[in-house]
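[1] fold the following for me, if possible:
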Amino acid sequence: MLNEKVALITGSTSGIGLATAHVLAAQGINLVLHGLMSLSEGRQLADKFSQQYGIDVLFDNADLRDVDSIERFIQLATEKMGSIDILINNAGIQHTESAENFPLDKWNAIIAINLSAAFHAIQYSLPSMKRKSWGRIINVASVHGLVGSVNKSAYCAAKHGLIGLTKVLALECAEQGITVNAICPGWVDTPLINDQISTIAEQQNVPFEQAKYQLVTAKQPLPEMMAPEQIGEFILFLCSDSARSITGSALPMDGAWTAQ
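    Numbering: from 1, shown residues only. Now for the predicted structure:
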């Protein structure tokens with residue numbers, strides 16, 4: 001059913017987005033990749049995907065802080081690929097600081113990229129989905145869209161907002177053949193997290209695995225991080241016909257973090 005559909009994934013040159021791109025490409029889904037690369041580097045990545053999976057692939061490095069750039073990006077992708085059938089709003093940035101001292105530029109950037117960009121991408125992608133009476137919109141939120149953590153005011157505000165946006169769009173699209181859901185991951189095993197663990201291990205003079213266990217279990221009962229590919233596989237399920245009745249949901253993948 002998904003063969004030759006077109007999926008646009010923001011922030012898909014690394015981490016969760018890149019892993020998801022590989023999972024979808026393996027099912028014959030054509031891709032629009034996006035990320036912080038030069039156009040030449042992005043086209044090389046697109047060519048690798050195309051050669052490996054035999055699919056059509058487009059790359060763009062649109063600035064998600066800029067509404068005009070997002071509109072151009074979506075319109076170009078729709079024109080070149082024929083449609084946007086699956087939209088995965090994955091791009092995100094983070095900065096930690098107390099609310100009292102939180103830099104204004106960091107607040108504005110986090111809200112723009114983690115929340116506003118998703119709204120604009122949805123807005124510009126919906127006409128294509130409505131023409132086909134079929135679409136899948138998946139917002140990669142976070143466990144921090146469901147709970148708070150100190151020093152993460154902007155991130156939590158954006159991710160909570162993303163879940164609210166998900167619910168509204170699910171209601172508006174319920175009779176259009178379009179589902180809208182949010183995924184709320186807990187700890188995900190990425191190079192960025194490994195750098196954080198290494199810092200803890202060095203500061204506390206403990207082995208890497210012990211530092212990793214301490215970091216994970218401080219919030220999450222399940223003492224292991226999730227592989228990015230697991231999120232990609234869950235996204236694939238949400239795109240399938242089996243998940244056609246799942247919409248408007250904020251779906252935790254958090255190792256029982258929010259069960260406490």
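
[2] going forward, measure contacts between C-alpha atoms and count neighbours the same way
    OK.

[3] relative to residue 56, how far out is residue 215?
    40 Å (CA to CA, to the nearest Å).

[4] domains in the chain, by residue range?
    Structural domains assigned to the chain are 6-187+227-259, 189-225, following automatic domain parsing.

[5] would you mind giving those domains as a markdown table with mean pLDDT and mean neighbour count added?
    A markdown table is the format used below for those (pLDDT from 0 to 100; neighbours: other CA atoms under 10 Å):
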| stretch | mean pLDDT | mean neighbour count |
| --- | --- | --- |
| domain 6-187+227-259 | 97 | 19 |
| domain 189-225 | 91 | 15 |
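
[6] helix or strand: which one has residue 252?
    Secondary structure assigned from DSSP states H and E places residue 252 in strand 250-253.

[7] partner strands of that strand and their direction?
    Strand 250-253 pairs in its sheet with strand 178-185 (parallel), by DSSP bridges.

[8] which residues sit against the strand it pairs with?
    Contacts of strand 178-185 with the rest of the structure, by CA atoms under 8 Å, 6 or more residues apart in numbering, involve 129-130, 133-146, 162-163, 166-167, 169-170, 173, 231, 244-254.

[9] which ones among those residues are found in helices?
    Taking DSSP state H, the ones among the contacts of strand 178-185 that sit in helices are 129-130, 162-163, 166-167, 169-170, 231.

[10] distance of the residue nearest the centre of the chain relative to residue 211?
    A centroid search over the chain (CA atoms, centre = their mean) returns residue 90, at 1.8 Å, as the residue closest to the centre. Counting by CA to CA, the separation of residue 90 from residue 211 is 28 Å.

[11] now swap in residue 43 and tell me
    As for residue 43, its distance to residue 211 is 38 Å (criterion: CA to CA).

[12] same question, residue 155
    When CA to CA is applied, the distance between residue 155 and residue 211 equals 24 Å.

[13] ditto for residue 177
    Residue 177 is 46 Å from residue 211, where distance means CA to CA.

[14] residue 233 now?
    Taken as CA to CA, the spacing of residue 233 relative to residue 211 amounts to 28 Å.

[15] go on, residue 94?
    To residue 211, residue 94 is 22 Å away according to CA to CA.

[16] repeat that for residue 22.
    In this structure, residue 22 and residue 211 are separated by 30 Å, where distance is defined by CA to CA.

[17] got it, and residue 119?
    When CA to CA is the yardstick, residue 119 and residue 211 sit 37 Å from each other.

[18] also residue 183?
    Applying CA to CA, the value for residue 183 to residue 211 is 27 Å.

[19] again with residue 138
    Relative to residue 211, and taking CA to CA, residue 138 is found at 32 Å.

[20] please apply the same query to residue 75.
    When CA to CA is applied, the distance between residue 75 and residue 211 equals 46 Å.

[21] check residue 146 too.
    When distance is defined by CA to CA, residue 146 is 25 Å away from residue 211.

[22] what does residue 106 give?
    When distance is defined by CA to CA, residue 106 is 28 Å away from residue 211.

[23] ranges for the helices of the protein?
    Under DSSP H, the chain gives helices at 15-25, 39-53, 67-81, 104-111, 117-132, 153-172, 191-204, 208-217, 228-239.
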